[in-house]
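Visitor: pasting the sequence and the predicted coordinates here, then a few questions.
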Amino acid sequence: MPLINKSLRAAIAAMLLLFSNAVYAQDEHPAQQLVQSAITEMLSFLADNIDEVRADKSLVDAKAEELIVPHIDFVTMTRLSIGKNWRNADKDQQKDLVLQFKTLLLNTYTSAMTQYSGEAIEFEPYRPESRDDRAIVRTAFKQNGGSDVPVIYKLRDKEGWKIYDIEVAGLSLVSNFRQKFTDEINAKGIDGLLAFLRKRNSR
């Protein structure tokens with residue numbers, strides 16, 4: 001089972017390449033505003049600097065840290081991806097798991113950004129959730145020469161709105177990682193998973 005399949009790679013790319021020609025309303029939900037405005041800034045940066053980005057990946061790394069990282073709840077995303085095994089990790093292992101998972105995601109994100117070729121996302125109108133501290137931003141990823149892919153971003157209000165999962169065509173990014181991580185932990189334990197992630201991140 002690939003660590004990140006083709007559809008989930010599209011989601012990761014979509015997270016960093018979101019764009020809508022429509023200007024959102026000032027009274028739009030703050031979670032929807034956050035997702036749209038942060039990624040529009042990233043897209044503008046890519047459009048203006050794509051040649052430099054392809055020559056020097058550190059430029060896009062720094063921009064992602066500025067524009068994207070503050071809006072992702074890496075602790076919750078890691079905990080959900082580890083699943084029930086999270087409580088079997090000690091505090092140092094949990095801290096390292098978050099760091100390695102964050103590195104894995106950002107490496108994939110920034111690699112996707114260097115391949116940008118004009119893809120876009122259309123936003124659906126926001127629909128309120130049953131809980132005031134939860135939000136879903138629904139979009140469609142417009143693939144060049146391919147079918148549209150539904151992509152939804154799940155956020156929660158935790159001292160500000162943060163993304164904790166992404167679903168692509170009904171498949172959760174967190175669930176995809178949970179299966180792979182569970183297999184690694186069952187075979188080699190928490191330290192085995194950490195070794196796997198460190199090796200993956202060193203490529």
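Guide: Perfect, thanks for sending it. Note that the coordinates shown come from a computational prediction; the quantities given were computed from them, not determined experimentally.
Visitor: in what helix or strand does Glu139 lie?
Guide: Heads up, residue 139 is Thr, not Glu. Using DSSP states H and E, Thr139 falls within strand 134-142.
Visitor: export that strand as CSV, just CAs?
Guide: This file holds the C-alpha atoms of strand 134-142, laid out as CSV (Å, rounded to 0.1, in the frame of the first residue of the first chain):
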residue,chain,number,x,y,z
ARG,A,134,-16.2,22.5,13.8
ALA,A,135,-16.1,23.6,10.1
ILE,A,136,-15.9,22.0,6.7
VAL,A,137,-14.7,23.8,3.6
ARG,A,138,-16.0,22.0,0.5
THR,A,139,-14.2,22.4,-2.8
ALA,A,140,-13.7,20.8,-6.2
PHE,A,141,-10.1,20.3,-7.5
LYS,A,142,-10.0,21.2,-11.2
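Visitor: which residues of the protein fall in strands?
Guide: Secondary structure of the chain (DSSP state E): strands at 120-123, 134-142, 149-157, 161-168, 171-172.
Visitor: so can I have CSV of those showing mean neighbour count and distance to Val98?
Guide: (Glycine included, C-beta is placed from N, CA and C.) Shown next, in CSV, are the strands of the chain (neighbours: other CB atoms under 10 Å; distance: least, CB to CB, whole Å):
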stretch, mean neighbour count, distance to Val98
strand 120-123, 18, 27
strand 134-142, 20, 22
strand 149-157, 19, 17
strand 161-168, 21, 13
strand 171-172, 16, 19
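Visitor: okay, the ones you listed in a markdown table with mean pLDDT next?
Guide: A markdown table is the format used below for the strands of the chain (pLDDT from 0 to 100):
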| stretch | mean pLDDT |
| --- | --- |
| strand 120-123 | 78 |
| strand 134-142 | 88 |
| strand 149-157 | 91 |
| strand 161-168 | 92 |
| strand 171-172 | 90 |
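Visitor: contacts only, for Thr182.
Guide: By CB atoms under 8 Å, 6 or more residues apart in numbering, the residues touching Thr182 are Gly83, Asn85.
Visitor: on that earlier part again, redo the strands of the chain as CSV? Include distance to Leu197.
Guide: CSV is the format used below for the strands of the chain (distance: least, CB to CB, whole Å):
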stretch, distance to Leu197
strand 120-123, 29
strand 134-142, 27
strand 149-157, 23
strand 161-168, 19
strand 171-172, 19
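Visitor: Lys91: which of these is closest?
Guide: strand 161-168 (20.6 Å; CB to CB).
Visitor: and that closest one, what does it pack onto?
Guide: helix 6-17, helix 30-55, helix 74-82, strand 149-157, helix 173-201 (3 or more CB pairs under 8 Å, 6 or more residues apart in numbering; DSSP states H and E).
Visitor: and these: which comes nearest Ala89?
Guide: helix 173-201 (4.8 Å).
Visitor: so where is the chain shaky, pLDDT-wise?
Guide: Counting by pLDDT under 70, the chain shows low-confidence ranges at 1-27, 116, 118.
Visitor: please redo it, this time with the cut-off set to 80
Guide: 1-27, 39-40, 43, 47, 112-121, 141-146, 203 (pLDDT under 80).
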